[in-house]
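Novice: Coordinates only, no sequence provided:
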């Protein structure tokens with residue numbers, strides 16, 4: 001049994017008023033210790049009770065909350081027909097909203113499920129990032145990286161040759177494809193569960209089945225094993241990783257240390273709220289050495305130190 005380290009946490013913000021009328025959809029850490037929260041007024045029904053719609057006949061209201069330096073800005077998007085799942089900062093002041101699904105009707109009609117808005121809610125541009133997106137991550141140098149789940153790898157929603165067939169794809173800020181794992185035959189990635197980056201190091205990713213961490217830089221990938229564990233978000237600094245496993249209501253945090261080509265679990269962490277109860281976040285995001293959580297109405301941030 002690994003040792004357990006309890007870490008006291010304090011909320012960095014409370015969204016009680018915003019969540020009275022809106023539902024949290026996605027959270028994101030910015031590049032300057034700022035935070036983005038994507039809210040939606042109501043749940044969008046699944047098609048046939050199983051599949052998310054890409055575009056809806058009915059308009060839905062979204063809000064983007066931007067928290068920076070103790071200030072809170074609210075961007076209202078009152079009539080949206082795209083089904084958004086992810087938010088990321090882009091263009092040093094704009095917001096990227098992405099739907100997890102995109103339908104391929106034919107070569108002349110491919111749904112552009114990534115849409116960029118300015119801080120006043122004006123639409124700037126759109127492009128397609130493919131179907132079956134599990135994670136979206138925009139780096140400080142404005143690269144967009146997308147990790148895909150199985151339907152995005154094998155194809156659905158009309159995609160016979162899916163964009164996400166390699167499991168991980170890199171794009172420029174305008175949606176031009178610049179990198180993927182298509183030529184990397186060492187592992188077959190059909191479910192990319194987590195993404196992160198460290199400036200000048202490359203894009204970090206975690207994929208299931210093999211339980212491996214990849215580090216992609218300049219078209220080359222290094223791989224590290226993780227003792228057969230699984231996680232959906234992680235902070236990284238030096239040779240240390242703090243990983244969050246949050247599937248199927250199993251909330252757990254682990255500290256991992258690199259030894260050669262393997263990350264070994266050092267201990268379990270318990271992030272404790274002021275009321276003495278452990279964090280049970282419903283939404284999680286990461287950037288570099290930080291993890292962001294939404295637990296109930298409260299936002300928490302954990303920072304991995306050296």
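Specialist: That came in fine, so what should we check first? Since the structure is predicted, the reported quantities are computational estimates derived from the model, not experimental observations. Residues are numbered from 1 along each chain as shown.
Novice: can you give me the strands for the stretch 101-250 of the chain?
Specialist: 104-106, 109-110, 114-117, 123-127, 133-138, 144-148, 168-171, 177-180, 192-198, 202-207, 212-217, 220-225, 233-237, 240-245 (DSSP state E, counting those that start in this stretch).
Novice: Mean neighbour count, those strands: which tops it?
Specialist: strand 144-148 (a mean of 26; mean count of other C-beta atoms under 10 Å). In short, each C-beta sits where N, CA and C put it, glycine included.
Novice: so what's residue 214 up against?
Specialist: Going by C-beta atoms under 8 Å, 6 or more residues apart in numbering, residue 214 touches 168, 187, 189, 204-207, 221-224.
Novice: Out of those, which comes closest to residue 269?
Specialist: residue 206 (17.4 Å; C-beta to C-beta).
Novice: Quick check: pLDDT value at the closest one.
Specialist: Listed pLDDT for residue 206 reads 97.
Novice: For the protein, which residues score under the pLDDT cut-off?
Specialist: Residue ranges of the chain with pLDDT under 70: 1, 247-250.
Novice: for it, what's the longest strand?
Specialist: Using DSSP state E to define each element, the chain has its longest strand at strand 55-68.
Novice: any idea which helix or strand comes after it?
Specialist: Using DSSP states H and E, the next helix or strand after strand 55-68 towards the C-terminus is strand 71-82.
Novice: Hey, what's the angle from that next one to strand 123-127? Just curious.
Specialist: Counting by axes from the mean of the first three to the mean of the last three C-alpha atoms, to 10 degrees, strand 71-82 points 50 degrees away from the direction of strand 123-127.
Novice: Heading C-terminal from strand 71-82, find the next helix or strand.
Specialist: In N-to-C order, the element after strand 71-82 by DSSP H and E is strand 86-90.
Novice: And the next helix or strand after that following strand, what does it pack against?
Specialist: The element immediately downstream of strand 86-90 (helix or strand, assigned by DSSP H and E) is strand 94-98. If you count contacts as 3 or more C-beta pairs under 8 Å, 6 or more residues apart in numbering; DSSP states H and E, strand 94-98 packs onto strand 86-90, strand 114-117, strand 133-138.
Novice: Reformat these as a markdown table; add distance to residue 293.
Specialist: Putting these into a markdown table (distance: least, C-beta to C-beta, whole Å) gives the following:
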| stretch | distance to residue 293 |
| --- | --- |
| strand 86-90 | 15 |
| strand 114-117 | 25 |
| strand 133-138 | 16 |
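Novice: looking at the strands of the stretch 101-250 of the chain, which is closest to residue 71?
Specialist: Of all the strands of the stretch 101-250 of the chain, strand 114-117 sits nearest to residue 71, with 19.2 Å by C-beta to C-beta.
Novice: ok, what's across the strand from the residue nearest to residue 29 when sequence neighbours are not counted?
Specialist: Leaving aside its chain neighbours, residue 29 sits nearest to residue 287 (3.9 Å; criterion: C-beta to C-beta, 6 or more residues apart in numbering). On the basis of DSSP bridges, residue 287 is bridged to residue 290.
Novice: burial count for residue 287?
Specialist: Residue 287 has 23 neighbouring residues, counting by other C-beta atoms under 10 Å.
Novice: separation between it and residue 252?
Specialist: In this structure, residue 287 and residue 252 are 21 Å apart, going by C-beta to C-beta, to the nearest Å.
Novice: ok so, going back, ok, so of the contacts of residue 214, who is nearest residue 99?
Specialist: Nearest to residue 99 out of the contacts of residue 214 is residue 168 (C-beta to C-beta; 18.6 Å).
Novice: My guess is that closest one contacts residue 149. True?
Specialist: No: the pair residue 168 / residue 149 is not scored as a contact, 11.8 Å apart, by C-beta atoms under 8 Å.
Novice: what residues are shared contacts of these two?
Specialist: In contact with both residue 168 and residue 149: residue 192, using C-beta under 8 Å, 6+ apart.
Novice: ok now do the closest residue to residue 184 other than its chain neighbours, which residues does it touch?
Specialist: Ranked by C-beta to C-beta, 6+ apart and with sequence neighbours excluded, the top spatial neighbour of residue 184 is residue 221, at 5.5 Å. Neighbouring residues of residue 221 by C-beta under 8 Å, 6+ apart: 181, 184, 186, 214-215.
Novice: Name the nearest of the residues you listed relative to residue 8.
Specialist: Distance to residue 8 across the contacts of residue 221 (C-beta to C-beta) is lowest for residue 215, with 31.7 Å.
Novice: ok, residue 302 to residue 113 distance?
Specialist: In terms of C-beta to C-beta, residue 302 sits 30 Å off from residue 113.
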